[in-house]
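S.K.: attaching a predicted model along with its sequence, questions to come.
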Amino acid sequence: MPRAGLSRDAVVDAALAIVDADGPAALTLAAVAARTGVATPSLYKHVGSLTELRNLLAVRLIDEFNAAATTAVIGLSGDAALEGLMRAYHRYAVTHPHRYALLPQAPDPDPAVAAAAGRFVELCFAVLRGYDLDDDEMVHAARITRATMHGFAVLHTSGGFGLPQDIDATLDRLIATVVHGIGAALPR
């Protein structure tokens, strides 16, 4: 019988607390069991494996990321929406670097993870529809935006910007460059 008060959501909450505190590499079933006060085998009543737990975390984090991005672009279109999306992306990565590091960067075979990722892709496409791009160009624009923001986020959160110039000023220039590029350089 599962421990009173312990549920699948509570296990995911504990796993997320471990990731927030110590990073994705610290996530083990033993660490989650210790955090929840149960023996490791007891977790199998709530999650079948570490892979399943990672998938549950991925869905939660993608949905959290998507909610933040959606809030940032609601009511905006065109350049303002793309800028809002890019700023929300960066803000999430910097505010939650360990969570961001856990987000899957490649298509995932787990249907729930793939569906969550698909919701974020649809948000990106909705933002890019304001540029009147055809389907192929919309994919290119989404890839450009994602690659730019992911690269900047990884460099920023890993301490890769060692020069003294203001990182926010660089971010402003990066966003302006991408927004201008999407608006001007891609064929319509």
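M.R.: Okay, I see it.
S.K.: so where's the chain shaky on pLDDT?
M.R.: Scanning the chain for pLDDT under 70 picks out the ranges 1-4, 185-188.
S.K.: count the residues that sit near residue 32.
M.R.: 25 (other Cβ atoms under 10 Å). Yep, even glycine has a C-beta here, placed from its N, CA and C like the rest.
S.K.: try residue 17
M.R.: For residue 17, using other Cβ under 10 Å, the count is 14.
S.K.: measure it to residue 126 for me?
M.R.: If you measure residue 17 against residue 126 using Cβ to Cβ, to the nearest Å, the figure is 33 Å.
S.K.: again with residue 12
M.R.: On the measure of Cβ to Cβ, residue 12 and residue 126 end up 28 Å apart.
S.K.: for residue 170, same thing?
M.R.: 27 Å.
S.K.: what does residue 96 give?
M.R.: Computed as Cβ to Cβ, the residue 96 to residue 126 distance reads 23 Å.
S.K.: those two: which is more packed in?
M.R.: Shown here are residue 96 and residue 126; by other Cβ under 10 Å, residue 96 has more neighbours (20 against 14).
S.K.: the residue nearest to that one when sequence neighbours are not counted: which element?
M.R.: Among residues not flanking residue 96 along the chain, residue 20 sits closest, at 7.4 Å (Cβ to Cβ, 6 or more residues apart in numbering). Taking DSSP states H and E as the criterion, residue 20 maps to helix 8-22.
S.K.: other residues contacting the following helix or strand past that helix?
M.R.: Later in the chain than helix 8-22, the nearest helix or strand by DSSP H and E is helix 29-36. With contacts defined as Cβ atoms under 8 Å, 6 or more residues apart in numbering, helix 29-36 is touched by 3, 6, 10-11, 14-15, 17-18, 39-40, 42-43, 50, 53.
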